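# Build me a model:
(2 chains)
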Amino acid sequence: DGGITQSPKYLFRKEGQNVTLSCEQNLNHDAMYWYRQDPGQGLRLIYYSQIVNDFQKGDIAEGYSVSREKKESFPLTVTSAQKNPTAFYLCASSIEGDRGHSYNEQFFGPGTRLTVL
Amino acid sequence: KQEVTQIPAALSVPEGENLVLNCSFTDSAIYNLQWFRQDPGKGLTSLLLIQSSQREQTSGRLNASLDKSSGRSTLYIAASQPGDSATYLCAVGIYNFNKFYFGSGTKLNVKP
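Presented below is the predicted three-dimensional model:
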């Protein structure tokens, strides 16, 4: 079955620790995205990548980092610089990353819930 | 910056009722608009995608309309069922850099 997987489902972070969230897709999509969702709020874009080895900051990139070494994978690292990381993190992909167009449908993974201890 | 608003934040209806969820956006220069469903603790499931050149899309009991000039979209759910209970979010895609802006959602409860 084609889709997007995220792991782990739950993640706990101690103060000062970096953690990495995994996102893998087998849909052959070019574009991938990371969003953060806080209770009662919409999704906010952290980072996005239109093609391999290229990524752009979203609206709330501070304290986060990403890499895109493979088309299928777009891991997100939450660094110790992110002061309020407790949230639900969602990864998404869309079929085409043509610069200047966002007309394609987004598909989402099941999410990772990160909690700071 | 594009701002997306969904009203009401929560809605409770009896089973069988037809209902409309609203989504408004501030900048009409959008490329598309997508409606999603989110169950508690889960990811988003795509329901309908409307391109900027389209006025509506239908899938089963769902119908989504788009009026770019007024900055509004509606999601119509016919003959609602308890299984429709979830949070419904809309997202608008803008022309630059594959970015999408999300509303905060409408939490729907369909009572048996």
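
# all contacts plus neighbour counts: C-alpha atoms, from now on.
Will do.

# For the chain, just list every one of the strands.
Using chain A here. For chain A, the strands defined by DSSP state E occupy A:4-7, A:10-13, A:19-25, A:31-37, A:43-51, A:54-57, A:64-66, A:76-78, A:87-94, A:106-108, A:112-116.

# Oops, wrong one, chain B.
Counting by DSSP E, chain B has these strands, from start to end: B:4-7, B:10-14, B:19-25, B:30-38, B:44-51, B:56-59, B:62-67, B:72-77, B:86-94, B:100-102, B:106-111.

# re earlier: including mean pLDDT, mean neighbour count and distance to chain B, could the strands of chain A go into TSV?
Below are those laid out as TSV (pLDDT from 0 to 100; neighbours: other C-alpha atoms under 10 Å in any protein chain shown; distance: least, C-alpha to the nearest C-alpha, whole Å):
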stretch	mean pLDDT	mean neighbour count	distance to chain B
strand A:4-7	96	19	10
strand A:10-13	92	14	11
strand A:19-25	97	20	13
strand A:31-37	95	24	8
strand A:43-51	92	24	6
strand A:54-57	93	15	9
strand A:64-66	97	19	17
strand A:76-78	97	20	17
strand A:87-94	95	25	7
strand A:106-108	92	24	6
strand A:112-116	94	19	8
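
# I'd like to know which of the ones you listed is closest to residue B:99.
Nearest to residue B:99, of all these, is strand A:43-51, at 8.1 Å by C-alpha to C-alpha.

# Show me what the closest one is in contact with.
Contacts to strand A:43-51, defined as C-alpha atoms under 8 Å, 6 or more residues apart in numbering or on different chains, come from residues A:30-37, A:55-61, A:64, A:66, A:68, A:71, A:96-99, B:98, B:100-104.

# Find the centremost residue of chain A, please.
Nearest to the mean C-alpha position of chain A, by C-alpha atoms, centre = their mean, lies residue A:34 at 2.4 Å.

# how about the nearest residue to that one, chain neighbours excluded?
Computed as C-alpha to C-alpha, 6 or more residues apart in numbering or on different chains, the closest residue to residue A:34 that is not its neighbour in sequence is residue A:91, at 4.6 Å.
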